[in-house]
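Engineer: Give me a 3D structure for the following:
(2 chains)
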There are 2 protein chains.
Amino acid sequence: MQIAIGLFPGFTALDAIGPYQVLSNLPGAEIVVCAEQTGLVADDNVLQLEISHTFGDVPTPDVLLVPGGLITRKVARDGGPIIDWIRSAHETTTHTTSVCTGALLLGAAGLLEGRAATTHWLSYDHLRAYGATPTEQRVVTDGKVITAAGVSAGIDLALALVAELAGREVAQAIQLGIEYDPQPPFDAGSPTKAPPEIKALVRDLMAAAEEAVLQS
Amino acid sequence: MQIAIGLFPGFTALDAIGPYQVLSNLPGAEIVVCAEQTGLVADDNVLQLEISHTFGDVPTPDVLLVPGGLITRKVARDGGPIIDWIRSAHETTTHTTSVCTGALLLGAAGLLEGRAATTHWLSYDHLRAYGATPTEQRVVTDGKVITAAGVSAGIDLALALVAELAGREVAQAIQLGIEYDPQPPFDAGSPTKAPPEIKALVRDLMAAAEEAVLQS
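Structural biologist: Numbers count the residues shown, from 1 in each chain, chains lettered A, B, ... in the order given. Presented below is the predicted three-dimensional model:
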């Protein structure tokens, strides 16, 4: 089973690495991290990953996963190789998946028309523009398309995916292996739980950060 | 404020990237990912990170964080540049931290003698060998040394650290930004919660995997 994680400059690291850590423990899975070109791909901060496979090297993965990032609205709007790859690979995947605003890339590839899907809580409107029905759940499955909420939700998506691919015992074993017994020190991880002033602050800061990325 | 994440070949990716994602959103923080040498450093699977700073380039970070990996027993036993760096940098840090079996590296640097600390649940005995008192908590703070349990626990550690460094509002804002409202599909993430047969399975598999790494 081949699992392809497709990256682009400006991706958010945890969106990709959360699922990567879960899926790389799946027995029999070959994980391929790919991008438009081989060489270095930078995330939205100081991380740089060395990429050894292009999208063209991985045309028919069984599972496809794309992370999000502040730049995804631009990538989705402009189209290009990653959107073409998602559209083409989706024809033969068993599961096509996204984390956070990676859902906008699935949308731009035409995969979300008429589907329930989720994304980062600040991006529901952009998801709607692709014909999707934004759904406030941590992980949303509609047919073979599985989307996760913001950033850290990719871990939950990947565990659910492993359960579907290999059974609940394997998923539980991986969960225990990565000691995923989360205990956040605060209960502020969703827009319905965070204090209103924190929500307003994050909304303003992320909108400004996204605007800066989209203008650059 | 300078936050240094020190890597070594064979590290576990999520150990480092979970905290990285949280800490890179801390206003005013400079994150530096460093290793013994510049160039590529591979994790324990197919990931390769490009490193631009050596340990020598980051002698006095304010915060030091080291991830774990199956190879840490060997790294801790053999000593070498990363252990020397931890020992030296610790003299001037405000916080010296580890995720998973990264705690063994702190132990090898002599920092855990007489301290309460935690690590991956399979490695308590190795921690004890360094004079630490293994403590079954998600995040353990003893003076300026903060240790986290296995792999995914680094996210919780980093949020607690941000709260200490910058206040609970900033920590909550980052938590909401990465939508960290975890909803694991199973409740098997700790040895006390997982079914006994899953625990036995993981114990056997990880012991075999670690043995293979230590022999290689």
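Engineer: Can you tell me the closest non-neighbouring residue to the residue nearest the centre of chain A?
Structural biologist: Centroid-nearest residue in chain A, with CA atoms, centre = their mean: A:Val99, separated by 2.0 Å. Closest residue in space to A:Val99, ignoring its immediate chain neighbours: A:Gly154 at 3.6 Å, by CB to CB, 6 or more residues apart in numbering or on different chains. (Glycine included, C-beta is placed from N, CA and C.)
Engineer: Equivalent analysis for A:Ile146, please.
Structural biologist: That would be A:Thr97: by CB to CB, 6+ apart, it lies 4.5 Å from A:Ile146.
Engineer: quick revisit: got the contact list for the residue nearest to the centre of chain A?
Structural biologist: When contacts are counted by CB atoms under 8 Å, 6 or more residues apart in numbering or on different chains, A:Val99 touches A:15-16, A:18-19, A:65-68, A:147-148, A:151, A:153-154, A:157.
Engineer: sorry, back to before: how much space separates the residue nearest to A:Val99 from B:Ala42?
Structural biologist: Distance from A:Gly154 to B:Ala42, counting by CB to CB, to the nearest Å: 22 Å.
Engineer: So for these two, which sits in the more crowded spot?
Structural biologist: Shown here are A:Gly154 and B:Ala42; by other CB atoms under 10 Å in any protein chain shown, A:Gly154 has more neighbours (32 against 16).
Engineer: which element is that one on?
Structural biologist: Using DSSP states H and E, A:Gly154 falls within helix A:153-166.
Engineer: ok, and for the helix or strand just after that helix, which residues are buried?
Structural biologist: On the C-terminal side of helix A:153-166, the nearest following helix or strand under DSSP H and E is helix A:168-177. By 16 or more other CB atoms under 10 Å in any protein chain shown, the buried positions in helix A:168-177 come out as A:168, A:170-177.
Engineer: between helix A:168-177 and helix A:153-166, how many degrees?
Structural biologist: With axes from the mean of the first three to the mean of the last three CA atoms, to 10 degrees defining the directions, helix A:168-177 sits at 150 degrees from helix A:153-166.
Engineer: wait, does helix A:168-177 make contact with chain B?
Structural biologist: Yes. For helix A:168-177, a contact with chain B is found by CB under 8 Å from any CB of the partner chain, at A:168-169, A:171-173, A:175-177.
Engineer: Check which helices and strands the helix or strand just after that helix sits against.
Structural biologist: As assigned by DSSP H and E, the chain's next helix or strand after helix A:168-177 is helix A:196-215. For helix A:196-215, the contact count by 3 or more CB pairs under 8 Å, 6 or more residues apart in numbering or on different chains; DSSP states H and E identifies helix A:72-78, helix B:168-177 as packing neighbours.
Engineer: ok, now with 7 Å
Structural biologist: helix B:168-177 (3 or more CB pairs under 7 Å, 6 or more residues apart in numbering or on different chains; DSSP states H and E).
Engineer: could you check the angle helix A:196-215 makes with the helix it packs on?
Structural biologist: 60 degrees.
Engineer: Show residues contacting helix B:168-177.
Structural biologist: A:184-186, A:188-189, A:191, A:194-195, A:198-199, A:201-202, A:206, B:22, B:25, B:159, B:162-163 (CB atoms under 7 Å, 6 or more residues apart in numbering or on different chains).
Engineer: And that helix, how far out from the chain middle?
Structural biologist: Averaging C-alpha positions (CA atoms, centre = their mean, to the nearest Å) puts helix B:168-177 21 Å from its chain's average.
Engineer: For that helix, list the C-alpha coordinates in CSV.
Structural biologist: Taking C-alpha atoms only, helix B:168-177 is exported to CSV below (Å, rounded to 0.1, in the frame of the first residue of the first chain):
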residue,chain,number,x,y,z
ARG,B,168,-2.2,31.5,29.4
GLU,B,169,-3.9,33.7,26.9
VAL,B,170,-1.1,33.3,24.4
ALA,B,171,-1.1,29.5,25.0
GLN,B,172,-4.8,29.4,24.5
ALA,B,173,-4.5,31.4,21.3
ILE,B,174,-1.9,29.0,19.9
GLN,B,175,-4.0,26.1,20.9
LEU,B,176,-7.0,27.5,19.0
GLY,B,177,-4.8,28.4,16.0
